[in-house]
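Trainee: Got a predicted model here, sequence first, then my questions.
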Amino acid sequence: MRTSGGIAGNPVLIGAATVLVVIVAVFLSYNANQGLPFVPTYQLKAETPSAANLVRGNEVRIGGTRVGSVDSIEVERRDDGTSVAVLGLKLERSVSPLPKDTTVLIRPRSALGLKYVELTRGTSAEGFEDGATIPLSQATPAPVEFDEFVNMFDEDTRDASQTNLRGFGDAFAGRGQSINQAIGALRPLLRDIIPVAQNLASVQTNLPRFVRELADAAAIVAPAAESQAQLFVNLDRTFGALREVARPYIQESISEGPETLDTAIRGLPVQRPFLANTEGLFRELRPGVRALRGAAPDLADALEVGTPTLRRLPDLNRRLASLLGELERFAQDPLVPRGIRALTDTVNELDPTLRHLAPAQTTCNYIALWFRNISSLLSEGDANGTWQRFIIVAMPQGPNNEGGPSSAPANGPNVENHLHTNPYPNTASPGQPRECEAANETYIRGRTVTSNVPGTQQAATEGNP
C-alpha cells in the first residue's frame, strides 16, 4: 500500500512550517513598536530641549491618535555649548506632509513615567519633506514634569495650605445666611458685568496695551519697593489707630454709604447745570484772580482800614432801617412803576440826541473848551469890576459884505469879500466822518464856504489829543 507524498502527509514538514510561522510571529510582535517591515513610512527628526524618560518605541500622536513611533534618540551638541535631544520619528504616510509650523511636545502618558510625543499640526501651506528636521523653536510649550508639579507641594506649602483652610473654615463658620445673601447679591453684579467685559474685550479698549503699561509702571516703581514697604508699615500703624474708632463711627459710615451713594446718584445729575455754570464763572474769574496778585498788598491795607469801619456798620445799619423802610414803601407805591416807565420812555427819547451830542465832548472836548473860554472871557478886571475882551475886525468892502444887510452871501469880487461860515460842523457824531471840524477846518482864501470844508480834519482838539 503506497502513502501520499504531499506536505500534509509529512509530519516533519508540517512541524518545520509551524516553527517558521511561530518565529515570524514572535519577530513581528517584538518589532511591532517600530512598525511593520516592508511598510512605507514618513520619517522626520525633531529637536527638543530634553528627552528625559523617553525611549525608543514610544508613541507619536496627533490629536490623541497614534500615527507613529520614536525610532531613535540622539544628543546634538551646539556651537554655544548647549545640548539638545534629536528624536527620529517614524510616522505613517497618511500624515505626510506636516505643516512647517507644527509644534512638538513630550507629554506624560501615565504617572509611572511613560511618555509619548505629541505633534500639533500647524496651518502653514508649506510642509516638511521626508527626512526634514523640526527646529527647537517649535518645541513649545515647555513641558511640565509630574515630579516638578508634585515638588511644588513641599512641607512649607502644605503647612500654609492647612493654615489657609483652617482660617477659611473659621471665617465661614456660622455665616451661612450672610453667604446666601452675598450670593444672591452677586446676580445683578454678574448681569451688569457682561457689558463691562464686552467693553474690556473690545479692540478699541486696547486692554493688552493697558496691561503692558501697568507692567512698565511696575518696573518704574520697583526701585522704590523699600519705600513702598515702609508705606505699608505706616499704614498698619494708621489702621491700628483707626481700630479704636472702627465701631461705631467707621461702621456707621460704611453702613450708611449705600444710601449716601444712592442720594448722590439722584442729586448729582441735577447739579450738573450748577457745576457747569460754576466752572464758567471760575474760568471768567481767572483774569481777575491774576490781577489780584498785584493788588494783594493794597487789598490787605484796605482790609486793615476797613475792619474798624465794619465794626461801626451795625450802628449805621440801625440808622438805615428807617430809610430802607421808606424806600420799601416808595417801591410798593403803585405810582412808582408808572413814573419809572415814563422815565424810561424819556431816556429812550433822549438816547438818539445824547448819542449825537456825546462825541462833541468825549471825542472833541468842545463842551469843556466852551466853559473854559466863557470863564476866561470875564476873568480880567479891576476893583470896579470885570470887563470883556474883544477886538474890532474891519469888514471887507464889496457887495453883500458882512458890514450890513445883504441879499446873498458875500462872494467877491475881491479876495477878502467871501463869507466863511459852518453852522453845523462835524463832531464825530453817528453818521459823520470821525473829525473835529470846528476850530480845525482850513481857511480857503478867495472862496465862499457856507458848509463843511473839503477833506477830513483831525479827530482831536486842545486838551483831548
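Mentor: Ah, there it is. Everything numeric here is computed off the predicted structure, so don't read it as measured data.
Trainee: can I see the domain layout of this protein?
Mentor: 31-150, 199-255, 361-377+408-465 (automatic domain parsing).
Trainee: which residues are contacting stretch 189-206?
Mentor: Leu207 (C-beta atoms under 8 Å, 6 or more residues apart in numbering). Every residue, glycine included, has its C-beta placed from N, CA and C.
Trainee: Let me have the domains of the chain in CSV, adding distance to Thr344 and mean pLDDT as columns.
Mentor: Formatted as CSV, those follow (distance: least, C-beta to C-beta, whole Å; pLDDT from 0 to 100):
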stretch, distance to Thr344, mean pLDDT
domain 31-150, 87, 83
domain 199-255, 58, 86
domain 361-377+408-465, 22, 85
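Trainee: So which of these is nearest Ala300?
Mentor: domain 361-377+408-465 (36.2 Å; C-beta to C-beta).
Trainee: Show me the helices in the protein, by range?
Mentor: For the chain, the helices defined by DSSP state H occupy 11-30, 146-151, 155-172, 176-201, 207-221, 225-242, 251-255, 257-332, 335-362, 366-377.
Trainee: what's the burial count for Asn401?
Mentor: Applying other C-beta atoms under 10 Å, we find 16 residues neighbouring Asn401.
Trainee: wait, doesn't it sit right on Met395?
Mentor: Yes. The criterion here is C-beta atoms under 8 Å, and Asn401 meets it with Met395 at 5.3 Å.
Trainee: Pick out the residue closest to the middle of the protein.
Mentor: Thr205 (12.9 Å; C-alpha atoms, centre = their mean).
Trainee: ok, that residue to Ala197 distance?
Mentor: As judged by C-beta to C-beta, to the nearest Å, Thr205 and Ala197 stand 11 Å apart.
Trainee: try Arg341
Mentor: Counting by C-beta to C-beta - Arg341 and Ala197 are separated by 67 Å.
Trainee: quick revisit: got the helices of the chain as CSV, with distance to Ile444 and mean neighbour count columns?
Mentor: Shown next, in CSV, are the helices of the chain (distance: least, C-beta to C-beta, whole Å; neighbours: other C-beta atoms under 10 Å):
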stretch, distance to Ile444, mean neighbour count
helix 11-30, 139, 10
helix 146-151, 115, 10
helix 155-172, 110, 10
helix 176-201, 84, 10
helix 207-221, 83, 10
helix 225-242, 91, 10
helix 251-255, 92, 10
helix 257-332, 51, 10
helix 335-362, 24, 11
helix 366-377, 22, 12
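Trainee: can I get those helices in JSON lines with distance to Pro108?
Mentor: JSON lines is the format used below for the helices of the chain (distance: least, C-beta to C-beta, whole Å):
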{"stretch": "helix 11-30", "distance to Pro108": "26"}
{"stretch": "helix 146-151", "distance to Pro108": "6"}
{"stretch": "helix 155-172", "distance to Pro108": "22"}
{"stretch": "helix 176-201", "distance to Pro108": "34"}
{"stretch": "helix 207-221", "distance to Pro108": "33"}
{"stretch": "helix 225-242", "distance to Pro108": "39"}
{"stretch": "helix 251-255", "distance to Pro108": "51"}
{"stretch": "helix 257-332", "distance to Pro108": "52"}
{"stretch": "helix 335-362", "distance to Pro108": "100"}
{"stretch": "helix 366-377", "distance to Pro108": "110"}
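Trainee: closest one to Gln432 among those?
Mentor: helix 335-362 (8.2 Å).
Trainee: Next, the angle from the closest one to helix 257-332.
Mentor: 90 degrees (axes from the mean of the first three to the mean of the last three C-alpha atoms, to 10 degrees).
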